[in-house]
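Peer 1: What would the 3D arrangement of this be:
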Amino acid sequence: MNDVWLKMAEFLGRLNGESVSRESYVRTPEYEKALEAWKEKEQEWEDFLETLSTEQREKLEEIKECQDFSSAQELRAYIQGYVDCVQALYHMGLLNENKELKIH
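Peer 2: Here you go, the predicted structure:
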């Protein structure tokens, strides 16, 4: 990945995690439904973990890493959407290349 896209990914990753109260923050019905379900089950999950052996908890941690991968995929898709948008605007002639811009 070249430096420009890496810097852009870092910036967009920070933007993605910022204020969820901003007016432009997208909250789909599917997200809201999943969030409510998670909130309802969170304490039940914590209580369940307390009943497991150390070995069982370690196995669940291994499985949880797959969820971490899913979150990483989601962030990558978010950033890719921005990249695709910038490229589309550039190819439509709505953005001009700035040869003086250098990413350090």
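Peer 1: so where is the protein shaky, pLDDT-wise?
Peer 2: Where the chain drops to pLDDT under 70, the residues are 1, 15-22, 24, 101-104.
Peer 1: any idea where the helices of it begin and end?
Peer 2: 3-16, 29-50, 54-91 (DSSP state H).
Peer 1: With mean neighbour count and distance to Glu100 as new columns, can the ones you listed be given to me in CSV?
Peer 2: Backbone N, C-alpha and C define where each C-beta goes, glycine included. CSV is the format used below for the helices of the chain (neighbours: other C-beta atoms under 10 Å; distance: least, C-beta to C-beta, whole Å):
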stretch, mean neighbour count, distance to Glu100
helix 3-16, 13, 14
helix 29-50, 10, 40
helix 54-91, 11, 16
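Peer 1: Nearest to Glu97, out of the ones you listed?
Peer 2: helix 54-91 (7.4 Å; C-beta to C-beta).
Peer 1: got the angle between that closest one and helix 29-50?
Peer 2: Interaxial angle, helix 54-91 versus helix 29-50 (axes from the mean of the first three to the mean of the last three C-alpha atoms, to 10 degrees): 160 degrees.
Peer 1: so what secondary structure elements neighbour helix 54-91?
Peer 2: Applying 3 or more C-beta pairs under 8 Å, 6 or more residues apart in numbering; DSSP states H and E, we find helix 54-91 packed against helix 3-16.
Peer 1: For the helix it packs on, name the packing helices and strands.
Peer 2: Using 3+ C-beta pairs under 8 Å, 6+ apart, the elements in contact with helix 3-16 are helix 54-91.
Peer 1: ok now the helix it packs on, how far from the chain's centre?
Peer 2: Offset of helix 54-91 from its chain centre (C-alpha atoms, centre = their mean, to the nearest Å): 6 Å.
Peer 1: Kindly report the same for stretch 27-42.
Peer 2: Here stretch 27-42 is found 16 Å from its chain centre; the criterion is C-alpha atoms, centre = their mean.
Peer 1: Output that stretch in CSV with nothing but the alpha carbons.
Peer 2: Below are the C-alpha coordinates for stretch 27-42, written out as CSV (Å, rounded to 0.1, in the frame of the first residue of the first chain):
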residue,chain,number,x,y,z
ARG,A,27,-27.3,4.4,12.1
THR,A,28,-29.1,1.8,10.1
PRO,A,29,-32.2,-0.1,11.4
GLU,A,30,-30.1,-3.3,11.3
TYR,A,31,-27.4,-1.7,13.4
GLU,A,32,-29.9,-0.4,16.0
LYS,A,33,-31.5,-3.8,16.2
ALA,A,34,-28.2,-5.5,16.7
LEU,A,35,-27.1,-2.9,19.3
GLU,A,36,-30.3,-3.5,21.3
ALA,A,37,-29.8,-7.3,21.2
TRP,A,38,-26.2,-6.9,22.3
LYS,A,39,-27.2,-4.6,25.2
GLU,A,40,-29.8,-7.1,26.4
LYS,A,41,-27.4,-10.0,26.3
GLU,A,42,-24.2,-8.4,27.6
